[in-house]
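Asks: take a look and give me a structure for this.
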Amino acid sequence: MKKHLKYLLILLLFVPIINSCSPDDSNSDDINTVPLEESILLNVSYGTNSQQVYDIYLPANRTSEKTKVIALVHGGGWTSGDKSDMDDFIDLIKFNHPDHAIVNINYILAVPFSIPAFPNQFIDLESAISQLTNLKDEYQILPEFGLIGTSAGAHLSLMYDYLYDSNDQVKMVCDIVGPTDFTDPFYADDPLFEILVGALIDESAYPPQSNYAEITSPLFHVSGFSSPTILFYGSDDPLVPITNGNNLDMALTNNSVTHSYTTYQGGHGGWSDESLNNLTEQLISFINTHLPIN
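Replies: So this is what the prediction gives:
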């Protein structure tokens, strides 16, 4: 009997110790499941140049397992423009895709004959995406990207996906009036265009005797590894001919790349409200299909 009492006392002494060492599951869960608030970080540097910055819009309740990223790339003929030109897309994406992160990227603008555009601006996109990938845990994002570019920004986005995205992080590209083929007679037959190409290219970055118009044209880099692409062009664009859209559409078809191609009456943007509403509907659907939040 005394032995039984002794063992019972020992057991009772150890019970509170065991309980005190056990984790408080309810408190631990509370700490780990506190949802993150929405956060906006402006002019985050991704390089040494003052123009190498981006704005990032991080949604509430984001996690590194689900929060994919939509990257915006502005136009401006490679020599002008600013990420603020893409502000309307931010509101559109926040409303229709509230669980995606948004990154609005600036890149170093070219100064003809002084600061080249190519390949520098492609490499700027690479640097921004690389930094975002490295900061995925800090930002709580999943580094899978959709690129939306307008005009020159669409050209940069296409080139990045078709040539530079070696890790296949880009899952879709939206091309709005982007130049795709600098060998098109629209450009090639203009004697001033050759001068412009020479003014924008760092020849030392390419092999000798390169065809610069071809090597910087997304059309010639399409392959079966190209990401799903959605294209929008104007029928009477004075800056980017409709043949650029037609030729890219054909190249994507020939390489069995999932894509959509729409033309609207009008020029380099500035389309009717009906056309812009149609573009919006198609883009929302394309993002839902190719960059879904699971």
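Asks: can you give me the helices for the stretch 151-294 of the chain?
Replies: 152-159, 185-188, 191-200, 212-215, 242-254, 273-290 (DSSP state H, counting those that start in this stretch).
Asks: kindly report the same for the stretch 1-150 of the chain.
Replies: Assignment of helices within the stretch 1-150 of the chain using DSSP H, counting those that start in this stretch yields the ranges 2-21, 25-32, 87-96, 120-134, 136-139.
Asks: one step back: and the helices of the stretch 151-294 of the chain as JSON lines, adding distance to residue 59 and mean neighbour count?
Replies: No exception for glycine: its C-beta is placed from N, CA and C like everyone else's. Shown next, in JSON lines, are the helices of the stretch 151-294 of the chain (distance: least, CB to CB, whole Å; neighbours: other CB atoms under 10 Å):
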{"stretch": "helix 152-159", "distance to residue 59": "22", "mean neighbour count": "28"}
{"stretch": "helix 185-188", "distance to residue 59": "41", "mean neighbour count": "16"}
{"stretch": "helix 191-200", "distance to residue 59": "36", "mean neighbour count": "14"}
{"stretch": "helix 212-215", "distance to residue 59": "38", "mean neighbour count": "16"}
{"stretch": "helix 242-254", "distance to residue 59": "31", "mean neighbour count": "18"}
{"stretch": "helix 273-290", "distance to residue 59": "14", "mean neighbour count": "15"}
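Asks: which one of these lies nearest to residue 232?
Replies: Ranking the helices of the stretch 151-294 of the chain by proximity to residue 232 (CB to CB) places helix 273-290 first, at 5.5 Å.
Asks: list the contacts of that closest one.
Replies: Applying CB atoms under 8 Å, 6 or more residues apart in numbering, the set of residues contacting helix 273-290 from outside is 70, 92, 96-97, 100, 146, 148, 171-172, 174, 176, 227-228, 230, 232, 258, 260, 262, 264-266, 271.
Asks: buried ones from those, can you make that a PyMOL selection?
Replies: Remark: buried members of those, expressed as a PyMOL selection using 16 or more other CB atoms under 10 Å:
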select buried, resi 70+97+100+146+148+171+172+174+176+227+228+230+232+260+264+271
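Asks: and residue 95, how many residues sit next to it?
Replies: For residue 95, the count of nearby residues is 9 (other CB atoms under 10 Å).
Asks: actually residue 269, not the one I typed
Replies: Counted by other CB under 10 Å, the residues lying close to residue 269 total 17.
Asks: that one is in contact with residue 154, isn't it?
Replies: No - using CB atoms under 8 Å, residue 269 is not in contact with residue 154; the gap is 11.1 Å.
Asks: what touches both of these two?
Replies: Common contact partners of residue 269 and residue 154 (CB under 8 Å, 6+ apart): 176-177.
Asks: if we can go back for a sec, redo the helices of the stretch 151-294 of the chain as JSON lines? Include distance to residue 41.
Replies: Converted to JSON lines, the helices of the stretch 151-294 of the chain look like this (distance: least, CB to CB, whole Å):
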{"stretch": "helix 152-159", "distance to residue 41": "21"}
{"stretch": "helix 185-188", "distance to residue 41": "38"}
{"stretch": "helix 191-200", "distance to residue 41": "31"}
{"stretch": "helix 212-215", "distance to residue 41": "35"}
{"stretch": "helix 242-254", "distance to residue 41": "34"}
{"stretch": "helix 273-290", "distance to residue 41": "22"}
